[in-house]
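S.K.: pasting the sequence and the predicted model now:
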Amino acid sequence: MDAAVMIARVAVLADALLGRRWRLATAESCTGGLIAAHCTALAGSSHWFDRGFVTYSNEAKTQMLGVDAALIERSGAVSEPVALAMAQGAVARSAADLAVAVTGIAGPGGAVPGKPVGTVWLALAVRGREASAVRLQLDGDRTAVRDATVALALERLTWRAGLQD
């Protein structure tokens, strides 16, 4: 995706978060910090971006976000329960009101039965509320999967931050 389009998406997200006086945290596995990087590329992001957790390994998910190792063992790192736990952990271990978590298989390797390359779980958590997750099946090479994940995460964050509760 074009850099100018990404900056515009982040600016819309920033406005929505600032309008609610919310702060954001990210918990990223397959994107390796790209969501946080796009957010912090916008000047003034310190007013609404709290922190990013890059939890690429299962151990990092457990240590940094409090994801139960038994949950990862039982469900797999690329799963709805783990994505939900990552998002909830990001809110719990930050000053953020809203968190996004992504875990997936960007490829070219890593596919397992039922989880082909391009499988990504994206979860959102709002402090004090139940988290939600969606399974994505993305096409393309590693870069395309990661870029699409970032774009969809920003889109869903903007949607969630714009909701009136």
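M.R.: Arrived safely.

S.K.: would you mind listing the buried residues in the host helix or strand of residue 61?
M.R.: Taking DSSP states H and E as the criterion, residue 61 maps to helix 58-65. For helix 58-65, a neighbour-count test (16 or more other C-beta atoms under 10 Å) marks 58, 61, 62, 64, 65 as buried. Bear in mind the C-beta positions are built from the backbone N, C-alpha and C, glycine included.

S.K.: what does stretch 83-98 give?
M.R.: 83-91, 93-94, 96-98.

S.K.: just these now: which is nearest residue 53?
M.R.: Closest to residue 53 out of those is residue 90 (5.8 Å), distances taken as C-beta to C-beta.

S.K.: so the closest one sits against residue 125, correct?
M.R.: Yes - with contact defined as C-beta atoms under 8 Å, residue 90 reaches residue 125; the gap is 6.8 Å.

S.K.: which residues do those two both contact?
M.R.: 99, 101 (C-beta atoms under 8 Å, 6 or more residues apart in numbering).

S.K.: rewinding a little: now, the buried residues of stretch 83-98 that are in strands?
M.R.: residue 98 (DSSP state E).
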